[in-house]
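Visitor: Fold the following for me, if possible:
(4 chains)
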Number of protein chains: 4
Amino acid sequence: MAIFNNKNKDERELGFGTKNYNKPVRFLNANGQINVHRAGLGIGNVDIYHWLITTSKTSLILVIILGYILINFVFACVYFLIGSQFFGGLDAQEPFQQFMNLFFFSAQTITTLGYGHIYPIGNAASIAAAVESLLGLLSFALATGVLYGRFSRPKAHLLYSKNLLISPYKNGKGIMFRIANRKQYELIESEASVTITLNNPETKRRDFLNLKLEITRINFLSLSWTIVHPLDEESPLFGLTKKELEERDAEFIILIKAINDTYSQTVYSRNSYKAEEIVENAKFKPLTPEADKRGRLRLTVTDIHHYDAVN
Amino acid sequence: MAIFNNKNKDERELGFGTKNYNKPVRFLNANGQINVHRAGLGIGNVDIYHWLITTSKTSLILVIILGYILINFVFACVYFLIGSQFFGGLDAQEPFQQFMNLFFFSAQTITTLGYGHIYPIGNAASIAAAVESLLGLLSFALATGVLYGRFSRPKAHLLYSKNLLISPYKNGKGIMFRIANRKQYELIESEASVTITLNNPETKRRDFLNLKLEITRINFLSLSWTIVHPLDEESPLFGLTKKELEERDAEFIILIKAINDTYSQTVYSRNSYKAEEIVENAKFKPLTPEADKRGRLRLTVTDIHHYDAVN
Amino acid sequence: MAIFNNKNKDERELGFGTKNYNKPVRFLNANGQINVHRAGLGIGNVDIYHWLITTSKTSLILVIILGYILINFVFACVYFLIGSQFFGGLDAQEPFQQFMNLFFFSAQTITTLGYGHIYPIGNAASIAAAVESLLGLLSFALATGVLYGRFSRPKAHLLYSKNLLISPYKNGKGIMFRIANRKQYELIESEASVTITLNNPETKRRDFLNLKLEITRINFLSLSWTIVHPLDEESPLFGLTKKELEERDAEFIILIKAINDTYSQTVYSRNSYKAEEIVENAKFKPLTPEADKRGRLRLTVTDIHHYDAVN
Amino acid sequence: MAIFNNKNKDERELGFGTKNYNKPVRFLNANGQINVHRAGLGIGNVDIYHWLITTSKTSLILVIILGYILINFVFACVYFLIGSQFFGGLDAQEPFQQFMNLFFFSAQTITTLGYGHIYPIGNAASIAAAVESLLGLLSFALATGVLYGRFSRPKAHLLYSKNLLISPYKNGKGIMFRIANRKQYELIESEASVTITLNNPETKRRDFLNLKLEITRINFLSLSWTIVHPLDEESPLFGLTKKELEERDAEFIILIKAINDTYSQTVYSRNSYKAEEIVENAKFKPLTPEADKRGRLRLTVTDIHHYDAVN
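Guide: This is a model prediction of the structure:
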């Protein structure tokens, strides 16, 4: 399973190409999304389900509400064109109110509510209502799938320390950052991989280099995990300062892989730090999980951001 | 796939840190949950779906019933505020009974039952009912997802022997416990890993040490499995007594990984034994699965707890 | 991923124990189920969902129909006890017909059909109906989950040749059987493992021995696969006849692991052959897939059973 | 995880057998489906769910619409045979219109719409309606599962370059093609494997040979990936021309395995190139992803087909 294995040359290929873009680029957004837009594809390649699953809660609610209004509007028009005399129990005389009542009749039909105080008379109205109720059931089947898909989607909600520190480490220095689990489910068998990408002034291309980590894997991510790349002589960053990394438009690309214990799903988390986010001569404040009265360890997760200056 | 591989140093890192808590702690609860509370996170990090999936059956039923009453109460209030004259078929004169009837009308609307003996008149009442029926469908979609999520969640229901025994093993001794599958589905390709954590009087820190097992993997967990750590000279526990393990607040952390054959899902089970749960000079009673008339092997699973004293 | 790796001693442990049962036993049923009954567990360990997912189609349909009748009967009783005067539109005078109409009212309520020609009057009847419609929705949510769970369950429908042949192979002999995919979906990355279990007259225990295969893995199981264990000097079965294998109550346990391409799910198939099912001095008839006009290869899957006698 | 490992002989077995079909065959269709039809199996082996999940959107919609009409027609017949006098609110005198109204009543029943302006009277009609509404709920549960199954099915929508090029590569030549992701979700940890199958004039059989790739794995398939087999002396294709490959009915079988990041699912993509699709003396036009104003890399995916002639 050694997915982030340093030994294998193939593993070092990140798939971003080695072009030097001349201006600063960010390969991963701060939220871990890959910063690529794939164009030139027809409308048939838009994946609606993917959008419904990944869009924000607000967008989804808006889409549902607007879709509900729209479809009822369309069917209200259909019913209105068929003629209001084909609907029993429709008292209103005024066309606008008739339309509104047909709109409500449509809502009662598509949700399969069917009070029945308004009901279709004749074949055209009955067929339209039969179609609408089938459509309602199918839309609802789809909504069930989308809601389940959103909820059950594998998730690794990690909190990354705001900064990447260059800290004292053993007899030298190390680059380090911390992660913690933001949710109450457990992440087990976590693996980390850190790649640096920076411009190479000699070849005029971008290098992608895997950074060796002190520990690449832990069994439980129950407290926090400080991920350390030792800045020893084997490191490609040995001797480079923050300033030099900035000039070479360096970006640290972090990949975390873990198993979400509740769903036994493998989950992935990505993050990136630009050279600007490095803090030199600092070290993380020790976290102090305390055993409470019930023998439970209590950790304040947001403390992972805190660090102290060192000389 | 060697997840519980003894060779790799990285594997030995459990992710609990090495702090000595000075008072006795238990890293895993008796039910296998990790004994950590992550604080300091906002309300946005509460994962409702995770709670609905993992809470007890009783809590879930209560939440559904109370939610149903509450939402009908809220909509009954809305309908009451709109005015009972906007609801056809509402015979009651008395306000309380009107409210009750609107409550029942709400229940008939949110479930999309819609008898229709009570029905909305006018735009306000019709809009409220259209909203409620949509809400009903969505809540129900959510309930479908939650029920399916609960049922289909990967599960390894293992029974662990109540005690950890120090038994004769080969020419010396071994630490052993037994597990069996509590359910009728099959667990295949089971892997075990045992880690001991104990205070180190020299470093004043907690050590986490992987214990070497006689067999780390079996193809079928169809009968029971006695997991043995030989207490030979290579063992970090060689020569330690139960009393010494208690003084050092020792805890044995068990991880079992298997594949649930019905769902082809990888499942995890955790357990821990504190030093207090060790029984010295005892050995497990042999289990006696018997072939019944139909040639089927019959095993009484709860027999795995039984042991005999040895000299 | 080398799950069926011959090299690792741990892999050879099948988890059935090594007891000699003195009478013939079969560890796997002909349908691949493990022949073990786990007793001694309380009712709380019965997993209803597992039963609903794995039971036959006929049982499931019976359970649904009987459950539907039962629950409507129960609610009809409740409504009848409340009193038929609390139900509008109930014309019948005769108690039996009143009960039947309440039974139908219950069916219209639990399915959220709600015609409304019968409707509840007063609080008791309305509350009972509100409870029943909620129960209906939840049961239906559960049914959706069960149906989806059944359909989407990982499946490897393999056809195994009826017999295990001892055939000429290279300069000696080999034990071989054939498998083919019975369904139209593709199985990719198939792996096979064969273990023999037989009584050991010396130790009076059961041995479980992994048999080395000519090929343990193929990329596509699109035609058929003849799995061969060479009976060479390295084989534990070298020189044993069918008769001797029968006397030692030998059973060949087959494990096939593959990926169902439609769902990207890892699937498992098991089978076993008793020594009685061996045919000596026979070889499989070659299968003759033919390229049809459209260039498609056509294979008659059931031909895998056929063999010819050899001298 | 080395599924496409060149070292292991077993991996080279594709499962298509080694028969020479004498006429040109294609093992994989252009859309990646395996070109095999498995016959000789009874109707019980037809997997309806598999068909519903994998059929085209148009077929599915047709099946739903025709099924809806058919089932309503069947129940309309049942209701008609029971007799229209057993349905309240059925005004029509004319038998055809009565039948039509019963058809609409059926649609209102199976969708659990239940307006109630038509309603069953008496036991036979009520039982039929109760059965139909149960059937409606179950069909709908099934539809929910099918829609969810279709949407959530693991997918790798890759675009393959139309041609396979023989291009200059290092000091010699290489066979190369390009792939890109057609969708907006990310594919991570992509692995490639290329096998060539061609007739062997000496043995009169088909050879299946794994081709060594320059890089077998990349971390992100965010831009495009040019997969290269070096035509060096180690290659089985060294020195073969397009014409010779055509004469030997050569087919390149491509397997791509990746992880769909949105669902954390392992996905597979297959493709094949026949020798006819080779272009000699050509090289791919470099793709020019450009960083836009927002620092986002923009790639025109369909550019992967373009190539230039070389001397």
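Visitor: Mind listing what's buried along the top strand by length along chain A?
Guide: Longest strand in chain A, counting residues (DSSP state E): strand A:187-200. Buried residues in strand A:187-200, counted by 16 or more other CB atoms under 10 Å in any protein chain shown: A:187-199. Every C-beta, even on glycine, is put in place using the N, C-alpha and C of the backbone.
Visitor: can you name the two of those that are farthest apart?
Guide: A:I188 and A:N199 (37.9 Å; CB to CB).
Visitor: For the residue in the stretch 201-311 of chain A that chain D sits nearest to, list the residues it contacts.
Guide: At 5.3 Å from chain D, A:T266 is the closest residue in the stretch 201-311 of chain A, using CB to the nearest CB. Taking CB atoms under 8 Å, 6 or more residues apart in numbering or on different chains, we find A:T266 in contact with A:154, A:257-260, D:264.
Visitor: what's the answer for A:A76, then?
Guide: Taking CB under 8 Å, 6+ apart, one finds A:99, A:102-103, A:105-106 in contact with A:A76.
Visitor: Can you tell me the number of residues neighbouring A:E247?
Guide: 14 (other CB atoms under 10 Å in any protein chain shown).
Visitor: cool, the one 5 residues further on as well?
Guide: Residues near A:F252, counting by other CB under 10 Å, number 24.
Visitor: backbone phi and psi for it, please?
Guide: Main-chain torsions, A:F252, degrees, to the nearest 10: phi -100, psi 120.
Visitor: and it, what pLDDT?
Guide: Listed pLDDT for A:F252 reads 94.
Visitor: A:G15 now?
Guide: On the pLDDT scale, A:G15 gets 66.
Visitor: got it, and A:L147?
Guide: So A:L147 comes in at 93 (pLDDT).
Visitor: in what helix or strand does it lie?
Guide: helix A:123-152 (DSSP states H and E).
Visitor: Identify each buried residue in that helix, please.
Guide: Buried, per 16+ other CB under 10 Å, within helix A:123-152: A:125-134, A:136-152.
Visitor: Contacting chain B as well, which ones from the residues you listed?
Guide: Among the buried residues of helix A:123-152, the ones lying close to chain B by the criterion of CB under 8 Å from any CB of the partner chain are A:140, A:143-144, A:147-148, A:151-152.
Visitor: Make a markdown table out of the contacts of A:A76 and add distance to chain B, pLDDT and neighbour count.
Guide: Shown next, in a markdown table, are the contacts of A:A76 (distance: CB to the nearest CB, whole Å; pLDDT from 0 to 100; neighbours: other CB atoms under 10 Å in any protein chain shown):
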| residue | distance to chain B | pLDDT | neighbour count |
| --- | --- | --- | --- |
| A:F99 | 11 | 96 | 17 |
| A:L102 | 11 | 97 | 26 |
| A:F103 | 8 | 97 | 22 |
| A:F105 | 9 | 97 | 28 |
| A:S106 | 9 | 97 | 25 |
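Visitor: Mind putting those into a markdown table with secondary structure?
Guide: Below are the contacts of A:A76 laid out as a markdown table (DSSP: H, G, I helix; E, B strand; the rest coil):
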| residue | secondary structure |
| --- | --- |
| A:F99 | helix |
| A:L102 | helix |
| A:F103 | helix |
| A:F105 | helix |
| A:S106 | helix |
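Visitor: Keep the residues you listed, but drop any that are not near chain C.
Guide: Checking the contacts of A:A76 against chain C (CB under 8 Å from any CB), there are no matches.
Visitor: from the residues you listed, which is closest to D:I304?
Guide: A:S106 (46.9 Å).
Visitor: ok, the longest strand of chain A near chain B or not?
Guide: Yes: shown here: strand A:187-200 in contact with chain B (CB under 8 Å from any CB) through A:188-190.
Visitor: Show me which residues of the stretch 101-250 of chain A sit near chain C.
Guide: A:112, A:114-116, A:144.
Visitor: among these, which are in strands?
Guide: Per DSSP E, these never map to strands.
Visitor: Check those and tell me the two furthest apart.
Guide: A:G116 and A:T144 (25.6 Å).
Visitor: Could you tell me the phi and psi values at the closest residue to chain C within chain A?
Guide: Per CB to the nearest CB, A:G116 is where chain A lies closest to chain C, at 5.5 Å. Backbone geometry at A:G116, expressed as degrees, to the nearest 10, gives phi 100, psi 0.
Visitor: If we only consider the contacts of A:A76, which is nearest to chain D?
Guide: Among the contacts of A:A76, and counting by CB to the nearest CB, the member closest to chain D is A:F105, at 9.6 Å.
Visitor: contacting residues for the closest one?
Guide: By CB under 8 Å, 6+ apart, the residues touching A:F105 are A:76, A:79, A:87, A:90, A:118.
Visitor: again, 6 Å this time
Guide: By CB atoms under 6 Å, 6 or more residues apart in numbering or on different chains, the contact set of A:F105 is A:I118.
Visitor: what separates it from A:I65, distance-wise?
Guide: According to CB to CB, to the nearest Å, A:F105 stands 19 Å off from A:I65.
Visitor: Check A:K204 too.
Guide: From A:K204 to A:I65 the distance is 53 Å (CB to CB).
Visitor: try A:P168
Guide: 56 Å.
Visitor: helices or strands up against the helix holding A:L147?
Guide: Using 3 or more CB pairs under 6 Å, 6 or more residues apart in numbering or on different chains; DSSP states H and E, the elements in contact with helix A:123-152 are helix A:48-54, helix A:57-82, helix A:95-110, helix B:123-152, helix D:95-110, helix D:123-152.
Visitor: List the buried residues in the second one.
Guide: Right, helix A:57-82. Neighbour-count burial for helix A:57-82 [16+ other CB under 10 Å]: A:60, A:64, A:68, A:71-72, A:75-76, A:78-80, A:82.
Visitor: From these, pick the one nearest B:A180.
Guide: A:L60 (44.9 Å).
Visitor: Next up, the contacts around the nearest residue to A:L147 once chain neighbours are set aside.
Guide: Of all residues beyond its chain neighbours, the one nearest A:L147 is B:A141 (4.9 Å), with distances taken as CB to CB, 6 or more residues apart in numbering or on different chains. Residues in contact with B:A141 (CB under 6 Å, 6+ apart) are A:143-144, A:147.
Visitor: same deal with A:L287?
Guide: Neighbouring residues of A:L287 by CB under 6 Å, 6+ apart: A:224, A:303.
Visitor: again, 8 Å this time
Guide: A:223-224, A:299-300, A:303-304, B:17.
Visitor: for A:H305, same thing?
Guide: Counted by CB under 8 Å, 6+ apart, A:H305 has contacts A:161-163.
Visitor: Could you confirm the residue of the stretch 201-311 of chain A closest to chain D falls within a helix?
Guide: No: if the criterion is three-state DSSP, then A:T266 is strand and not within a helix.
Visitor: From D:E247, how far off is it?
Guide: Distance from A:T266 to D:E247, by CB to CB: 46 Å.
Visitor: One more: A:G67?
Guide: 58 Å.
Visitor: Report the contact partners of the spatially closest residue to A:V279 that is not a sequence neighbour.
Guide: In this structure, A:V279 finds its nearest non-sequential neighbour in A:N163, 4.7 Å apart by CB to CB, 6+ apart. The neighbours of A:N163, taking CB under 8 Å, 6+ apart as the test, are A:177, A:273, A:277-279, A:282, A:305, A:307.
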